[in-house]
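> Here is my input, please return the structure:
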Amino acid sequence: MFNSTRLAVLFNNPTDLASILINNPRKIGPRRATILFDLATSGDHKSNRKLGRDALKQCAKSVNRHLNVDGNICDRVFNKASNARLRNWAQDKNTTV
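Predicted coordinates for the structure are as follows:
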């Protein structure tokens with residue numbers, strides 16, 4: 001297991017990237033977001049797909065995308081968001097509605 005996202009991306013290990021970002025969530029760039037999105041949508045096993053989605057959710061939470069405009073937590077909308085929307089939120093980008 002790698003201890004940095006840079007090594008996980010370099011050696012193309014999406015499961016390690018996801019577990020690193022779950023333990024240390026932060027705003028990510030487009031390359032890491034795409035790797036996690038691919039893991040969340042086309043992972044080999046259901047557990048890998050869940051790992052990718054959880055990593056995207058944690059990164060989106062780290063940039064406060066789970067809050068409404070008034071500051072209330074909006075878990076229902078956040079939990080039902082598509083993987084594509086979570087990919088954008090993890091990068092702190094707005095999504096088209």
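> packing partners for the helix ranked longest in the chain?
If you go by DSSP state H, the chain has its longest helix at helix 46-62. Counting contacts by 3 or more Cβ pairs under 8 Å, 6 or more residues apart in numbering; DSSP states H and E, helix 46-62 packs against helix 14-23, helix 30-42, helix 75-79, helix 83-90. The way it works is simple: take the backbone N, C-alpha and C, and place the C-beta from them, glycine included.
> Return the most buried member of the ones you listed.
Stretch with highest mean neighbour count among these: helix 83-90 (a mean of 22; mean count of other Cβ atoms under 10 Å).
> And the contacts of it?
The contact list for helix 83-90 (Cβ atoms under 8 Å, 6 or more residues apart in numbering) reads 27-28, 33-34, 36-37, 40-41, 52-53, 56-57, 59-60, 63, 65, 81, 94-95.
> just for this protein, where's the confidence low?
1-2, 69, 71, 73-77, 97 (pLDDT under 70).
> Find the residue at the geometric middle of it.
Nearest to the mean C-alpha position of the chain, counting by Cα atoms, centre = their mean, stands Leu56 at 1.1 Å.
> Chain neighbours aside, what residue packs nearest to that residue?
Distances taken as Cβ to Cβ, 6 or more residues apart in numbering place Leu86 nearest to Leu56, at 4.0 Å, with adjacent residues excluded.
> any idea how far the residue of the chain positioned farthest from its centre is from Ala81?
Distance from the C-alpha centroid of the chain, by Cα atoms, centre = their mean, peaks at Asp70 (23.7 Å). Asp70 sits 19 Å away from Ala81, going by Cβ to Cβ, to the nearest Å.
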